[in-house]
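**Q** For reference, the sequence and a predicted model appear below.
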Amino acid sequence: MNWPARRQALLRLGALACASGPVVGSLAGCAAWTPPQQSALRAAPPAGLPHRANHPGLPFVDQPGDDLCGPAVLASLLAAAGVPTDLATLTHEVYLPGRQGTLQTEMLAGARRHGVLAVELPPKLSAAFTEVAAGRPVGVLLNLGLTWWPRWHYAVLVGYDLSRGEVWLHSGHQAHVRWSLITFENTWGRSGHWAFVALTLGQMPAEVDEAAMVRALLGLDRAVSASQAALAWRAASQRWPANITLAMGEGNAWLAAGQPLEAARRFEQVAQRSDSAAAWNNLAATRLQLGDRMGAREAARRAVLRARSHEPQWLTVAELTLREIEAP
């Protein structure tokens, strides 16, 4: 592979190698400026964010090999979420031998596979520090090399001190190792400030966007019971009541959990509020399942009218539902 092609491949692969130690000294020596996020955060932290939070007792799992930081970090986060998991099991699940590392998608999927809510955080120090202040460790992806020649490494953020300009990490073979905040932001910034949390069901990050929450819930649906998933969808839809995707997800989760009455209630709320063709269609199908043919017909007709006028992508499905309801 020639140099330009090799460089592009390395940049695309993500976290494929892990350092056995933090290499803080050499990195700190290169930091001659204050990265913008931590400078602004130290000058004016968000309301409610303490200047210092430190949790040395959060679970630490030693990295057993030079390229196994992914499984070790995931094991630490799962243990903190109350789901201790064998490191060998996680290595089998998320480690990619052909690439000698673990991708971000594998980290998220691996956490969700064990029934926890794995959510990507916004690429902001404030989002990561807010979770740490609440006692929840944060998995972070660092680049200990250079932007054009990366040396990827996963670590666990377990503490910070804005006044002293420091953070504490579980990293490699070291628990609760102290880093310069400047060094941390420099190396973290090279990954696009990628970070995630692994939370027990019912918890939710203080700072998270709706799209990230939808992705987390869709992944969780395949790993927990339908009833557990429905409760997780409900918590998210209550936080973002105007988000139709979350509300529909909650309704579908209640259906999967064998609770059509609860599903119908949710679909009706969405349909009445947003006049969504998809919501009217799902309400019609759920009412038919409940034996309410008259109510199902009315909802199906509303779905067809809405699809014809504003949402043609749902027209075929809505017409099929209506034909099924009106069949003798």
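**A** Now that the structure is in, tell me what you want to look at.

**Q** just the CA coordinates of stretch 260-269, formatted as CSV?
**A** Output in CSV follows, covering the C-alpha atoms of stretch 260-269 (Å, rounded to 0.1, in the frame of the first residue of the first chain):
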residue,chain,number,x,y,z
PRO,A,260,-51.7,-3.1,23.2
LEU,A,261,-53.8,-0.8,25.4
GLU,A,262,-50.7,1.1,26.5
ALA,A,263,-49.5,1.2,22.9
ALA,A,264,-52.8,2.5,21.6
ARG,A,265,-52.8,5.2,24.2
ARG,A,266,-49.4,6.3,23.1
PHE,A,267,-50.1,6.2,19.4
GLU,A,268,-53.3,8.2,19.9
GLN,A,269,-51.4,10.9,21.8
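
**Q** next one: it to chain centre, how far?
**A** 27 Å (CA atoms, centre = their mean, to the nearest Å).

**Q** now do stretch 215-232
**A** So, by CA atoms, centre = their mean, the centroid of stretch 215-232 is 13 Å from its chain's centroid.

**Q** same for the longest helix along the chain, what does it pack against?
**A** Longest helix in the chain by number of residues (criterion: DSSP state H): helix 293-309. The contact analysis (3 or more CB pairs under 8 Å, 6 or more residues apart in numbering; DSSP states H and E) places helix 293-309 against helix 277-289, helix 315-326. No exception for glycine: its C-beta is placed from N, CA and C like everyone else's.

**Q** okay, the closest residue to residue 278 other than its chain neighbours: pLDDT?
**A** Computed as CB to CB, 6 or more residues apart in numbering, the closest residue to residue 278 that is not its neighbour in sequence is residue 314, at 5.6 Å. Residue 314 carries a pLDDT score of 97 in this model.

**Q** burial measure for residue 314, as a count.
**A** Each residue near residue 314 was counted by other CB atoms under 10 Å, and the total is 21.

**Q** cool, residue 280 as well?
**A** For residue 280, using other CB under 10 Å, the count is 30.

**Q** backbone phi and psi for residue 292, please?
**A** When read as degrees, to the nearest 10, the backbone of residue 292 gives phi -90, psi 80.

**Q** picking that back up, as TSV, the helices and strands packed on helix 293-309 with distance to residue 120 would be great.
**A** Formatted as TSV, the helices and strands packed on helix 293-309 follow (distance: least, CB to CB, whole Å):
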stretch	distance to residue 120
helix 277-289	26
helix 315-326	31
